[in-house]
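In: coordinates for the following, if possible.
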Amino acid sequence: MNSLPSRTKALIDVSFREFARYALPSIIGMLIVGLQTIIDGLFVGRGVGALGLAAVNIAMNNWVVLDYQKCTEMY
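Out: Here you go, the predicted model:
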């Protein structure tokens with residue numbers, strides 16, 4: 001029987017615990033960013049009103065596009 005190369009064995013033998021070690025900080029970070037967006041929306045909605053909230057939503061879309069372009073220029 002053919003044995004797998006050592007690199008393939010290493011990739012297969014990655015345990016869930018090791019996967020979680022790297023994945024959990026990313027998941028927690030995404031949850032915090034989402035919560036921050038909700039809280040920002042509450043403050044802007046209460047402080048400035050519907051027009052200000054609409055302006056933030058439009059600006060956020062532009063920000064995401066510009067950030068994506070910036071990230072793709074790195075490669």
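
In: give me the neighbour count for Ala55.
Out: 12 (other C-beta atoms under 10 Å). The C-beta positions use only the backbone N, C-alpha and C, and glycine is treated the same way.

In: helix, strand or coil for it?
Out: helix (DSSP: H, G, I helix; E, B strand; the rest coil).

In: which residue is nearest the middle of the protein?
Out: In the chain, the centroid-proximal residue (C-alpha atoms, centre = their mean) is Met30; its distance is 4.6 Å.

In: secondary structure element holding it?
Out: Here Met30, judged by DSSP states H and E, is contained in helix 16-47.

In: go through that helix and flag the buried ones.
Out: Val44 (16 or more other C-beta atoms under 10 Å).

In: which strands or helices does that helix pack on?
Out: When contacts are defined as 3 or more C-beta pairs under 8 Å, 6 or more residues apart in numbering; DSSP states H and E, helix 16-47 sits against helix 50-73.

In: and the angle for the helix it packs on with helix 16-47?
Out: 140 degrees (axes from the mean of the first three to the mean of the last three C-alpha atoms, to 10 degrees).

In: buried sites along helix 50-73?
Out: Within helix 50-73, judged by 16+ other C-beta under 10 Å, the buried ones are Leu53, Val56.

In: please name every helix or strand in contact with that helix.
Out: So helix 50-73, by 3+ C-beta pairs under 8 Å, 6+ apart, packs with helix 16-47.

In: so for the helix it packs on, mean pLDDT?
Out: What helix 16-47 shows for mean pLDDT is 88.

In: centre of the chain to that helix, how far?
Out: Offset of helix 16-47 from its chain centre (C-alpha atoms, centre = their mean, to the nearest Å): 8 Å.

In: repeat that for stretch 36-54.
Out: Per C-alpha atoms, centre = their mean, the centroid offset for stretch 36-54 relative to its chain is 21 Å.
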